[in-house]
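Q: My questions are about this predicted structure, shown below with the sequence.
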Amino acid sequence: MGFWGQWISDWLEGLGRLTLLAKDTFTSLFTFKVAWRDLLYQIYFVGVKSQSVVLITGAFTGMVLGAQTYFQFHKVKMDTATLAVVSVSMCSELGPVLTGLMVAGRVGAAIAAELGTMRVTEQIDALRTLATHPVDYLVVPRLLALHLALPLLTAESIAIGICAGYLVGVYLLGIDPIYSWYNMLRYTGTTDVAVGLLKALIFGGIVAIIGCYKGMTCGEGAEGVGRATTEAVVYSSITILITNFFLTLTLGKILHTL
Amino acid sequence: MIEVCNLEKSFGTHKILEGVSFCINKGESVVIIGRSGGGKSVLLKHLIALLKPDAGQVRIDGEDIVPLDERQLLRVRRKFGMLFQGAALFDSMTVAENISFAFRRDRSLPQDEIARKVAHVLELVDLPGIETKNPSELSGGMRKRVGLARAIVYRPQIVLYDEPTTGLDPIASDSIDKLILRVRDRLDVTSVVVTHDMRSARRLGQRILMLHEKRIYAEGTPDEIFGSRDPIVRQFVEGTSEPTAEKGILLPYE
Ligand SMILES: Nc1ncnc2c1ncn2[C@@H]1O[C@H](COP(=O)(O)OP(=O)(O)OP(=O)(O)O)[C@@H](O)[C@H]1O
Ligand SMILES: [Mg+2]
């Protein structure tokens, strides 16, 4: 086997083990009484501690989107459609994707580093000797917390993005507020919001599973932990972007045919 | 009762164990000795299925645990307590939370009962009153003793000790040895102790197994092992390095 053959077989093996972890987690969800304390702590860590990052990302994305859309639309005298564009793109694409990416960078990295350190210092083995399944104790609370927190964070980022876009459009660029607001409500459907939140739910799962997988299979020593952390961020970000494309495509098709 | 048959394990191309077989009876205490890097920790981890062998069987009370999956193993592992070589304390928890970990997961005991058990077991390992400390605040020897407390607090039927006294001063080592003996006698525990300390090997072991060249090279009561005429066993228990190693290698400044 050449370099590429080896690479592909490693990749496939990794994918297989990732799937097994996902399956294990799924089984565990049904056999295991959730440890509420751990879950609460994870929700706090994922949700509360990501506030600033998510709010800043959302606000500035909304602002730049508002400004750029206005500059283009102004040429064709469609100023009042600006906010509608901001709102639809924030709801169905930018909100979930950017929030997902930021959370992957912040939380995914932290999960991989934490679990990786636990692995190299034999703490995960110690869990196992104490008759605790590492998936029950480590993966499930993180997964649930991310599933719960990411849609909420996304909703927040969408809201702040739209507000920021509104402020920039109305107060800095002088768009008519009433028409803009009316157009925004007219062109933003419930489905846009639902699609955004559904995506966020899925991205939360991606960040949790890839972060946990990378941590639990991390290599030896400080270098292994470092590599696991980087890979967790890179892989979950890429997976989020790719999944997002396919979700947009399939959800678009489905909603279109309805 | 622990039975190990023809255990084989390699990491990559590096063979660690090759045809290791032995048997440990219920309530017995067995000491495993062997060179550093010889695979003692690896062997110990096989007994509790933290590692899976490439070939061979590990039977606990007659049940082969090698084919069991992680979730089925939870039941088997309830019989075990294990002290890791590096203590492996959970560094995000206090000492008390470490020790009471499985009690808190079970939620079968009331809080004050748990606190009482923790205080009692900390007393046993000679570290009273450190419940609220974090593992990072402890010395290496203290961590080891907390790890020991965590291993025995559930009154397991089998306790695996990986170098319980390495890194402790002679007085603390002595008290840990006595503790291991007391745990064995009072709770009727099967103990497997890996150690480099010949004095504790002699005291703790009803039987000594010597792991050498990937196999159980010698096996016997402490008196048999310490009185053995086999050159390799003799060399190990007396602790003399190869004479050739002294002559053959030049120090940097020679
Ligand atoms: N997870 C692992 N991956 C690769 N090699 C390993 C792994 N664990 C142990 N080894 C190798 O197995 C051999 C035996 O290791 P082990 O830790 O069992 O030695 P030991 O007898 O406990 O030594 P010591 O007395 O120093 O603790 C070593 O050569 C080590 O490099
Ligand atoms: Mg060892």
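A: Looks like it arrived, so ask away. Ligands and ions are numbered 1, 2, ... in the order given.
Q: Could you check how many residues crowd around residue 72?
A: I'll assume chain A. A:Q72 is flanked by 11 other residues according to other C-beta atoms under 10 Å in any protein chain shown. Bear in mind the C-beta positions are built from the backbone N, C-alpha and C, glycine included.
Q: That was the other one, I meant chain B.
A: Residues lying near B:Q72 (other C-beta under 10 Å) number 13.
Q: And whichever strand or helix holds it, what's buried?
A: Element membership for B:Q72, per DSSP states H and E: helix B:70-77. For helix B:70-77, a neighbour-count test (16 or more other C-beta atoms under 10 Å in any protein chain shown) marks B:L73, B:L74, B:V76, B:R77 as buried.
Q: which secondary structure elements does it contact?
A: For helix B:70-77, the elements it packs on are helix A:3-31, helix A:123-129, judged by 3 or more C-beta pairs under 8 Å, 6 or more residues apart in numbering or on different chains; DSSP states H and E.
Q: ok, back up a step: just give me the closest of the buried residues of helix B:70-77 to A:G204.
A: Distance to A:G204, by C-beta to C-beta, is smallest for B:L74 among the buried residues of helix B:70-77, at 27.5 Å.
Q: Pull the contacting residues for the closest one.
A: By C-beta atoms under 8 Å, 6 or more residues apart in numbering or on different chains, the contact set of B:L74 is A:A131, A:T132, A:H133.
Q: again, only using 10 Å
A: Going by C-beta atoms under 10 Å, 6 or more residues apart in numbering or on different chains, B:L74 touches A:R128, A:L130, A:A131, A:T132, A:H133, A:D136, B:L68.
Q: now, which of these lie close to ligand 1?
A: When contact is defined as C-beta under 6 Å from any ligand atom, the contacts of B:L74 do not meet ligand 1 at all.
Q: Please pick the buried ones from these.
A: Judged by 16+ other C-beta under 10 Å, buried ones among the contacts of B:L74: A:R128, A:L130, A:A131, A:T132, A:H133, A:D136, B:L68.
Q: For these, give me JSON lines that also has pLDDT and secondary structure.
A: Shown next, in JSON lines, are the buried ones among the contacts of B:L74 (pLDDT from 0 to 100; DSSP: H, G, I helix; E, B strand; the rest coil):
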{"residue": "A:R128", "pLDDT": "94", "secondary structure": "helix"}
{"residue": "A:L130", "pLDDT": "93", "secondary structure": "coil"}
{"residue": "A:A131", "pLDDT": "89", "secondary structure": "coil"}
{"residue": "A:T132", "pLDDT": "91", "secondary structure": "coil"}
{"residue": "A:H133", "pLDDT": "90", "secondary structure": "coil"}
{"residue": "A:D136", "pLDDT": "89", "secondary structure": "helix"}
{"residue": "B:L68", "pLDDT": "93", "secondary structure": "coil"}
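Q: What is the nearest of the residues you listed to A:G116?
A: A:R128 (16.3 Å).
Q: Look up how far B:R77 lies from that closest one.
A: A:R128 sits 7 Å away from B:R77, going by C-beta to C-beta, to the nearest Å.
Q: Return the member of the contacts of B:L74 nearest to ligand 1.
A: Nearest to ligand 1 among the contacts of B:L74: A:R128, at 14.3 Å, using C-beta to the nearest ligand atom.
Q: list the contacts for that closest one?
A: With contact set as C-beta under 10 Å, 6+ apart, A:R128 has these partners: A:E122, A:P134, A:Y137, B:K45, B:I48, B:A49, B:L50, B:E70, B:L73, B:L74, B:R77, B:M82.
Q: Would you enumerate the residues in contact with the second one?
A: Residues touching A:P134, when contacts are defined by C-beta under 10 Å, 6+ apart, comprise A:21, A:24, A:28, A:115, A:118-119, A:123-125, A:127-128, A:140, A:212, A:216, B:70.
Q: Spell out for me the ChimeraX command that would select the buried members of those residues.
A: Buried members of the contacts of A:P134 can be picked out in ChimeraX with the line below, counting by 16+ other C-beta under 10 Å:
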select /A:21,24,28,115,118,119,123,124,125,127,128,140,212,216
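Q: Looking at the contacts of A:P134, which is nearest ligand 2?
A: Closest approach between the contacts of A:P134 and ligand 2, by C-beta to the ion: A:D125, at 12.9 Å.
Q: Over to the residue in chain B that ligand 2 sits nearest to. Which of the three states is it?
A: Here chain B gets closest to ligand 2 at one residue, B:S41, 3.1 Å apart by C-beta to the ion. Classification of B:S41 using DSSP: H, G, I helix; E, B strand; the rest coil returns helix.
Q: Now do it against chain A, distance only.
A: Noted for B:S41: a distance of 10 Å to chain A, by C-beta to the nearest C-beta, to the nearest Å.
Q: Could you report the separation of that residue from B:I48?
A: With distances taken as C-beta to C-beta, B:S41 is found 12 Å from B:I48.
Q: Overlap in contacts, the two.
A: Residues within reach of B:S41 and of B:I48 at once, by C-beta under 10 Å, 6+ apart, are B:L160.
Q: re the thing from before, hang on, the residue of chain B closest to ligand 2 packs against B:E163?
A: Yes: in this structure B:S41 lies within contact range of B:E163 using C-beta atoms under 10 Å: 8.3 Å.
Q: what touches both of the two?
A: Both B:S41 and B:E163 are contacted by B:F84, B:Q85, B:G86, B:V194, under the criterion C-beta under 10 Å, 6+ apart.
Q: and the last one, what is it in contact with?
A: With contacts defined as C-beta under 10 Å, 6+ apart, the neighbours of B:V194 are B:30-34, B:40-41, B:43-44, B:83, B:85, B:160-164, B:166, B:201, B:209, B:211.
Q: again, only this time at 6 Å
A: Applying C-beta atoms under 6 Å, 6 or more residues apart in numbering or on different chains to B:V194 gives the contacts B:I32, B:K40, B:L44, B:D162, B:E163.
Q: Now the element after the helix or strand containing the third one, going C-ward?
A: Using DSSP H and E, B:L44 falls within helix B:40-47. Where DSSP H and E defines the elements, the next helix or strand beyond helix B:40-47 is strand B:55-60.
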